[in-house]
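Engineer: Turn this into a structure:
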Amino acid sequence: MDAQEPSAACREVILEWSTLSELADFAERRLSYGNSDGGFGVIYPEGLDEYDIEVEGIRIPTGSLLIYGWAFASPPGYEVLVDEKLYLGTLRDVLWERGLIAGAERVAALLNGQSQFSS
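Structural biologist: Numbers count the residues shown, from 1 in each chain. Down below sits the predicted model:
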């Protein structure tokens with residue numbers, strides 16, 4: 001599968017999560033997540049374990065996230081490194097569009113440096 005454009009990959013991964021309101025909490029806590037339905041998710045650098053780093057050779061630079069989709073497809077889908085701010089901006093927009101205003105405001109605070117997020 002061709003590589004996704006970064007903002008499109010962010011939007012697709014976000015919209016594949018069943019409970020969008022949880023994603024603001026995940027972003028604040030910098031928690032990686034993934035679903036088993038189609039294999040969509042986000043991996044923060046802190047979400048990598050020793051096996052991922054040493055055996056799989058996965059590297060995620062500071063300030064970036066690894067976005068993946070269609071992980072269980074044949075052939076597998078995509079993995080895209082994206083700037084964390086791009087992901088957060090997309091998440092804020094999706095939450096706002098879906099009427100999840102409190103979550104969108106929490107993510108906006110992350111982008112504005114008013115929370116634990118810093119880059």
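
Engineer: could you pull out the helices for the protein?
Structural biologist: Secondary structure of the chain, counting by DSSP state H: helices at 6-15, 22-29, 50-54, 84-97, 101-111.

Engineer: closest to Gly63 out of those helices?
Structural biologist: helix 84-97 (5.6 Å; C-beta to C-beta). C-beta coordinates here come from the backbone N, C-alpha and C atoms, glycine included.

Engineer: mean confidence score for stretch 79-91?
Structural biologist: For stretch 79-91, mean pLDDT rounds to 96.

Engineer: tell me how far it is from the chain's mean position?
Structural biologist: 6 Å (C-alpha atoms, centre = their mean, to the nearest Å).

Engineer: likewise stretch 90-101?
Structural biologist: The answer for stretch 90-101 is 14 Å, by C-alpha atoms, centre = their mean.

Engineer: In terms of mean pLDDT, which of the helices of the chain ranks lowest?
Structural biologist: helix 50-54 (a mean of 90).

Engineer: what residue lies at the spatial centre of this protein?
Structural biologist: Val42 (3.6 Å; C-alpha atoms, centre = their mean).

Engineer: circling back to that earlier point, which one of the helices of the chain lies nearest to Gly77?
Structural biologist: Using C-beta to C-beta, the nearest of those to Gly77 is helix 6-15, at 9.6 Å.
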